[in-house]
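Visitor: got a predicted structure plus its sequence, pasted below:
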Amino acid sequence: MVERYVISIDQGTMSTRCILFDHRGRLVSVAQKEHRQHFPKPGWVEHDAIEIWSNLQRVVPRALDNAGVGPDQIAAIGIANQRETTVVWDRRTGVPVGHAIVWQDTRTDALVEKLRREVGDDFFVEHCGLSPTTYFSAPRIRWLFDHVDDLHERAESGEVLFGTMESWLIWNLTGGPAGGLHITDATNASRTMLMNIRTLAWDDELLAYFGVPRPMLPEIRSSVESYGVAHALLPDVRIGAALGDQQAALFGQTCFAPGEAKCTYGTGSFLLLNTGTSLVRSRHGLLTTVGYKVTDQPTVYALEGPIAVTGSLVQWFRDRLGLINSAPEIETLARSVEDNGGCYIVPAFSGLFAPHWRSDARGVIVGLTSYITKGHLARAVLEATGWQTREVVDAMNADAPLALKELKVDGGMTANNLLMQFLADVLDVPVVRPMVSETVSLGAAYAAGLAVGYWPDLEGLRRNWHRAGQWLPTMDPGRREAEYDNWKRAVERSFGWIRSQ
């Protein structure tokens, strides 16, 4: 019998990856290609969507070749993607109207501040579960209408289409100008500020407020569903799933029960807590989002706490300060001292995300004395990730009916054992790392395989999950709370650095 596989496309902020997984959820082969980052102005971040599609056309054949597998051995395609990044393209030619505006981009800050002054948060939270920030797609669409001639008129006529990256890739995979599917899934649509969080349909009041015409919008579908077959790259292979990258990681970590949570530690970090079919409105600075939707089953929701700067703080320590030569060296340097020496680093390089949402904050280092060495600074860098996670977990425990009992972790920073132990200590819960670290890609594969019957059900996916490491809390409770109080005082000192002109 010929072995069959599921292929996962992970279209991320820095690169596009293609990974093959077998029936036991094991990684069989991987191919990856980075794309260029464009920074035309301070605070602006852009990608070339054509380059990303071209890169996908390279990595898919390479992943197949590496495994010695043909397209006929692929059971399904699953797609995970950077979420809020905004692409607008011509329906007839397939040419984008400009570069994609990336989720990190802050060009819409003045527009967002105007929204918050004129309307306030409650209107948006009630409709879409989100407060206005530069993070989401709708303000970017509005910005494009205001800055690209005739774009709004072309959108009204359906001449141009909007999508996040999974929409762009699915459209191209299924035919592009020759009848490509223009769809999105509920997890990505929930990040636009245009979808009603309860009905999972485009919301008339939000569309009217932002001035977004319906003809440019993709059809909202379930996260786990057979959308159709590919025509390019993998002819006749079914596309069975699309999820935003962090929701894909939630799925890959098999956090299928209310109260289960994961945190992905990368450039930034994203903590998601499954709240089941309950739509929990956060009162403590978190985002209410769609966790996933499996075909016609009830929607599963999540609370999310995005943290802007975690792994990128280590990169700053390496590249800007030159105190280490490689990221793994920070653990060795941090272990050269017993504690942080009273030093705390708040990495608000361009404001703070959850739970503060302070665009006026900037990074601070507090507690400096002549005693502090680069070892203390290294420890403070790692501890910043732990304390930021603690803030998000505290907010989740205050919002959700079930307190966090365990945190599943993934991402590049989980290789740092000192950081993982510190997380367990400051959260006072076990921290668990799985065998397969590529949980974003695995989640997209799991969802696609589930859609086509490659895996039978969610419990079958749970049986594939295996623990690789676990850290248990050992810190004295008195010390934990004293240091957390110091951290909170440090955060307060980062506020108000940028003043309105």
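Guide: Received the coordinates, thanks. Owing to the predicted nature of the structure, the values given are computational and were not obtained by experimental measurement.

Visitor: wait, what's in contact with the spatially closest residue to Asp410 that is not a sequence neighbour?
Guide: Distances taken as Cβ to Cβ, 6 or more residues apart in numbering place Thr439 nearest to Asp410, at 4.2 Å, with adjacent residues excluded. All C-beta spots, glycine's among them, are computed from the backbone N, C-alpha and C. Taking Cβ atoms under 8 Å, 6 or more residues apart in numbering as the contact definition, Thr439 lies against 248-249, 252-253, 262, 264, 410.

Visitor: go with 6 Å
Guide: 249, 252-253, 410 (Cβ atoms under 6 Å, 6 or more residues apart in numbering).

Visitor: most widely separated two among those?
Guide: Gly252 and Asp410 (7.6 Å; Cβ to Cβ).

Visitor: higher neighbour count, those two?
Guide: Gly252 (32 against 24; other Cβ atoms under 10 Å).

Visitor: for the nearest residue to the more buried one once chain neighbours are set aside, what are its contacts?
Guide: In this structure, Gly252 finds its nearest non-sequential neighbour in Gly443, 3.0 Å apart by Cβ to Cβ, 6+ apart. Applying Cβ under 6 Å, 6+ apart, we find Gly443 in contact with 248-249, 251-252.

Visitor: show me which of the residues you listed is closest to Ile183.
Guide: Closest to Ile183, out of all of the contacts of Gly443 and judged by Cβ to Cβ, is Ala248, at 16.6 Å.

Visitor: isn't that closest one up against Ser441?
Guide: No: with contact defined as Cβ atoms under 6 Å, Ala248 does not reach Ser441; the gap is 7.6 Å.

Visitor: more neighbours: the two, which one.
Guide: Using other Cβ under 10 Å as the criterion, Ala248 and Ser441 rank with Ala248 on top: 32 against 28.

Visitor: distance of that one relative to Arg4?
Guide: The gap separating Ala248 from Arg4 is 21 Å, by Cβ to Cβ, to the nearest Å.

Visitor: same thing with Arg283?
Guide: Arg283 is 47 Å from Arg4, by Cβ to Cβ.

Visitor: got the end-to-end distance for stretch 284-296?
Guide: Distance across stretch 284-296, first residue to last, is 31 Å (Cα to Cα, to the nearest Å).

Visitor: just the mean pLDDT for it, thanks.
Guide: Throughout stretch 284-296, pLDDT has a mean value of 93.

Visitor: for Ile19, grab the count of nearby residues.
Guide: 27.

Visitor: please apply the same query to the one 5 residues further on.
Guide: Residues lying near Arg24 (other Cβ under 10 Å) number 8.

Visitor: next, count neighbours for the spatially closest residue to it that is not a sequence neighbour.
Guide: Among residues not flanking Arg24 along the chain, Asn464 sits closest, at 6.1 Å (Cβ to Cβ, 6+ apart). Residues contacting Asn464 under the criterion other Cβ under 10 Å number 19.

Visitor: let me see the confidence value for Asn464.
Guide: At Asn464, pLDDT is 86.

Visitor: measure stretch 295-315 end to end?
Guide: For stretch 295-315, the end-to-end distance is 40 Å (Cα to Cα).

Visitor: so what touches that stretch?
Guide: 222, 225, 265-275, 277, 279-280, 286-287, 289, 291-293, 327, 330, 347, 349, 353-354, 381, 385, 388, 392, 396, 399, 413.

Visitor: any idea how far Glu118 is from Leu111?
Guide: For Glu118, the distance to Leu111 - Cβ to Cβ - is 11 Å.

Visitor: the two: who's more crowded?
Guide: Between Glu118 and Leu111, Leu111 has the larger neighbour count (other Cβ under 10 Å), namely 18 against 8.

Visitor: Three-state assignment for the more buried one, please.
Guide: Following DSSP: H, G, I helix; E, B strand; the rest coil, Leu111 is assigned to helix.

Visitor: spatially nearest residue to it (excluding sequence neighbours)?
Guide: Excluding the flanking residues, the one nearest Leu111 by Cβ to Cβ, 6+ apart is Pro139, at 5.2 Å.

Visitor: which SSE is the one you found in?
Guide: If you go by DSSP states H and E, Pro139 is part of helix 137-147.

Visitor: so for that helix, what gets flagged as buried?
Guide: Neighbour counts over helix 137-147 (16 or more other Cβ atoms under 10 Å) mark 137-145 as buried.

Visitor: ok, and for the helix-or-strand element of the chain with minimal mean pLDDT, which residues are buried?
Guide: Between all helices and strands in the chain, the lowest mean by mean pLDDT, DSSP states H and E belongs to helix 109-118, at a mean of 85. Under the neighbour-count criterion of 16+ other Cβ under 10 Å, helix 109-118 has 109, 111-112, 115 buried.

Visitor: which pair of these spans the longest distance?
Guide: Based on Cβ to Cβ, the longest span within the buried residues of helix 109-118 runs between Asp109 and Leu115 and measures 10.7 Å.

Visitor: returning to that earlier point: let me know the helix or strand that the residue nearest to Gly252 is in.
Guide: With DSSP H and E as the criterion, the answer for Gly443 is helix 439-451.

Visitor: next SSE downstream of that helix?
Guide: Moving toward the C-terminus from helix 439-451, the next element (DSSP H and E) is helix 458-464.

Visitor: which strands and helices sit next to the helix ranked longest in the chain?
Guide: Counting residues, the longest helix found in the chain (DSSP state H) is helix 374-399. Contact analysis of helix 374-399 by 3 or more Cβ pairs under 6 Å, 6 or more residues apart in numbering; DSSP states H and E lists strand 300-307, helix 329-334, strand 344-346, helix 417-427 as its packing neighbours.

Visitor: poorly predicted segments of the stretch 1-150 of the chain, please.
Guide: 1-2 (pLDDT under 70).

Visitor: that should have said the stretch 301-450 of the chain, apologies.
Guide: In the stretch 301-450 of the chain, no residues with pLDDT under 70.

Visitor: how about 80 then?
Guide: Residues of the stretch 301-450 of the chain meeting the criterion pLDDT under 80: 350, 359, 402.
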